[in-house]
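S.K.: predicted model and sequence below, questions to follow.
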Protein chains: 2
Amino acid sequence: MSDGCRYFEDFQPGDVFEFKGTPVTKEEIIEFAREYDPQIHHLDEELAKDTILGKFCASGWHSCAMLMRLICDTYLNQQEHIGSPGIHEVRWRTPVEPGDVFHVKRTIKSARAVPGQLDRGLVRVFLDVKNQEGRPLLTMDCSALYRRRPAEEV
Amino acid sequence: MSDGCRYFEDFQPGDVFEFKGTPVTKEEIIEFAREYDPQIHHLDEELAKDTILGKFCASGWHSCAMLMRLICDTYLNQQEHIGSPGIHEVRWRTPVEPGDVFHVKRTIKSARAVPGQLDRGLVRVFLDVKNQEGRPLLTMDCSALYRRRPAEEV
């Protein structure tokens, strides 16, 4: 599967692309949390019930990382992607739990030149992630740099 | 080490707290990338030189995750932290490379009530991360929910 885009010029504002992942597992939630976010509600299903959050769920950073992997596998690693200068906003809407499947709707917000850097352009993207039942998981507003199409390929 | 804060009421706008981590390793950069961000410039020191980015570096999400772990170990896991509704902005300033040590300056931007939720408050935090030579690595503007101090402890 791919979004059909390769270079900067392929991204058109308003374009929508949808894709989905595989179920999140308890084991991967715990594994990530042990390494990067060792808070009780990400580490132990039973003890999580006694926290003020009240449930076991994935670290918000783990959700971002899982989304990144899904993006890499779905299209990014087939594209002339350079990197990202940053994230404009992440909203963790509801806790990501075992069994949740990321259903992602990607909308291209803008595609514009980078002053003084003729070989690349900046694509702004909005990602809306829900689970298989339509429950909102997270939204992300971010930017990515892409190479422009070389003259010989135009 | 700790910032001396436990409940919402302990965070005062303008307060600055500084802390630091340990050197980032090549091995952990590759390990994270294999799992969550398998782009060439995060996976292979030699092949990274031929990418348009031109150097081997950590995934931006790995940098966020390493910062989260450092925050958990330094103060968060000693506090009445509930969770975070989201991130207002992340800027990846320069690539994080092996040997970089996170030097973090945390500034409290605001601490305010949450309408209708008397047991908690929202703390907005700005994190400025540089390496050991003062090179900017990343900045993050984020919010976290904390429990209010119970009446019996006032």
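M.R.: Sure, I can see it.

S.K.: and the longest strand along chain A, C-alpha only, in PDB?
M.R.: Ranked by residue count, the top strand of chain A under DSSP state E comes out as strand A:117-130. Output of strand A:117-130 as PDB, limited to C-alpha atoms (Å, rounded to 0.1, in the frame of the first residue of the first chain):
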ATOM      1  CA  GLN A 117      16.400  25.800  -0.400                       C
ATOM      2  CA  LEU A 118      15.400  25.100  -4.000                       C
ATOM      3  CA  ASP A 119      15.800  21.300  -3.700                       C
ATOM      4  CA  ARG A 120      13.000  20.800  -1.200                       C
ATOM      5  CA  GLY A 121       9.600  21.800   0.000                       C
ATOM      6  CA  LEU A 122       7.600  21.600   3.300                       C
ATOM      7  CA  VAL A 123       4.400  19.600   3.500                       C
ATOM      8  CA  ARG A 124       2.100  20.200   6.400                       C
ATOM      9  CA  VAL A 125       0.000  17.200   7.400                       C
ATOM     10  CA  PHE A 126      -2.900  16.600   9.700                       C
ATOM     11  CA  LEU A 127      -3.300  13.000  11.100                       C
ATOM     12  CA  ASP A 128      -6.500  12.000  12.700                       C
ATOM     13  CA  VAL A 129      -6.300   8.600  14.400                       C
ATOM     14  CA  LYS A 130      -9.300   6.700  15.600                       C
END
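
S.K.: sheet partners, orientation included, of that strand?
M.R.: If you go by DSSP bridges, strand A:117-130 pairs up with strand A:103-114 (antiparallel), strand A:136-147 (antiparallel).

S.K.: what comes into contact with that strand?
M.R.: A:8-9, A:11, A:63, A:67, A:82, A:85, A:88, A:102-114, A:136-148, B:52 (C-beta atoms under 8 Å, 6 or more residues apart in numbering or on different chains). C-beta coordinates here come from the backbone N, C-alpha and C atoms, glycine included.
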